[in-house]
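Chemist: Kindly generate the corresponding structure for this input.
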Amino acid sequence: MRAAVLRSYNADLAIETVPDPVCEPDGVVLKVLACGICRSDWHGWTGEHPRVKPGQIPGHEYCGEVVEAGPRSGWQLGDRLVAPFILACGHCPACQSGNQNTCPDQRLPGFAEPGAFAEHIAVPLAHNLAPLPGRLAPTVAAALGCRAT
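Modeler: This next block holds a predicted model:
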């Protein structure tokens, strides 16, 4: 698949062919319908975000259509979903108390793992995803990821 990859800080992203993402048992692979650009992406691009290293595929505000669903994901092929910025574990005390944004086991596509500036994205912990309402355009929904977290 094709993706935009950060090769050097403060430089154009490189459009490259990269391996297809792998679907985890509790996750999905989404065909990216839209991905927002956030100030956090800029901090990663400039080298100011400690988790973003060269070789990263940025993009953490996204929505897409399920093209592969893990057996424990709860989603089906064709489901249109929107993702929050933080993918929380769902089991720790922070998650159980409703504070998923402070989950110590959170996963962060676009920062610590491949993001959505790509044709497809693997999304682990798919219980974090929500259906994309039919009346909401993917380009609008994608920009809600950071804000909804």
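Chemist: does Glu24 really touch Ala122, like I thought?
Modeler: Yes: if you go by C-beta atoms under 8 Å, Glu24 and Ala122 touch, sitting 6.8 Å apart. For glycine as for every other residue, the C-beta is placed from the backbone atoms N, C-alpha and C.
Chemist: Neighbour count for these two, which is higher?
Modeler: Ranked by neighbour count (other C-beta atoms under 10 Å), Glu24 and Ala122 place Ala122 first, with 20 against 17.
Chemist: pretty sure the more buried one contacts Pro25?
Modeler: No: look at Ala122 against Pro25 with C-beta under 8 Å: they stay out of range, at 11.6 Å.
Chemist: Need the CA coordinates for the longest helix anywhere in the chain. PDB is fine.
Modeler: Longest helix in the chain by number of residues (criterion: DSSP state H): helix 39-46. C-alpha atoms of helix 39-46 as PDB (Å, rounded to 0.1, in the frame of the first residue of the first chain):
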ATOM      1  CA  ARG A  39      -1.000  20.400  15.600                       C
ATOM      2  CA  SER A  40       0.400  17.200  17.200                       C
ATOM      3  CA  ASP A  41       1.300  16.000  13.700                       C
ATOM      4  CA  TRP A  42       3.200  19.200  13.200                       C
ATOM      5  CA  HIS A  43       5.100  18.700  16.500                       C
ATOM      6  CA  GLY A  44       6.000  15.200  15.300                       C
ATOM      7  CA  TRP A  45       7.100  16.500  11.900                       C
ATOM      8  CA  THR A  46       9.400  19.100  13.500                       C
END
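Chemist: next SSE after it?
Modeler: Per DSSP states H and E, the first helix or strand lying C-terminal to helix 39-46 is strand 62-69.
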